[in-house]
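Q: need a structure here:
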Amino acid sequence: MEEPAEVRIGRGQRLAEAFREDLELYGVAELEERLEMLQAEAARVKAQIDRKRAGRAAADALFPPRAE
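A: Numbers count the residues shown, from 1 in each chain. Sure, this is the predicted structure:
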């Protein structure tokens, strides 16, 4: 008998699932902890955006985009 194939989770799927979660089930302390984690994730995402923009700016400085 064959092993079942691993189900691959798509990018952002877990985040989308978290957004659909029923928050009524959580207490205030749990909601505050969740909010802190979401704020930390937002800061992490913003930092990655900044790094990518800086990398793109450095590349553009070395290899200016062609005018078409």
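Q: okay, the residue positioned nearest the centre of the chain: pLDDT?
A: The C-alpha lying nearest the average C-alpha coordinate of the chain belongs to Val45 (C-alpha atoms, centre = their mean; 6.0 Å). Looking at Val45, its pLDDT stands at 97.
Q: let me see the ranges of the helices in the chain.
A: Secondary structure of the chain (DSSP state H): helices at 13-19, 28-62.
Q: look at Asp50 and say how many residues are nearby.
A: 10 (other C-beta atoms under 10 Å). In this view, the C-beta of every residue, glycine as well, is placed from N, C-alpha and C.
Q: how far away from the center of its chain is the lowest-mean-pLDDT helix or strand in the chain?
A: Every helix and strand of the chain was ranked by mean pLDDT, DSSP states H and E. The lowest is helix 13-19, at a mean of 91. The chain centroid and the centroid of helix 13-19 are separated by 10 Å, computed with C-alpha atoms, centre = their mean, to the nearest Å.
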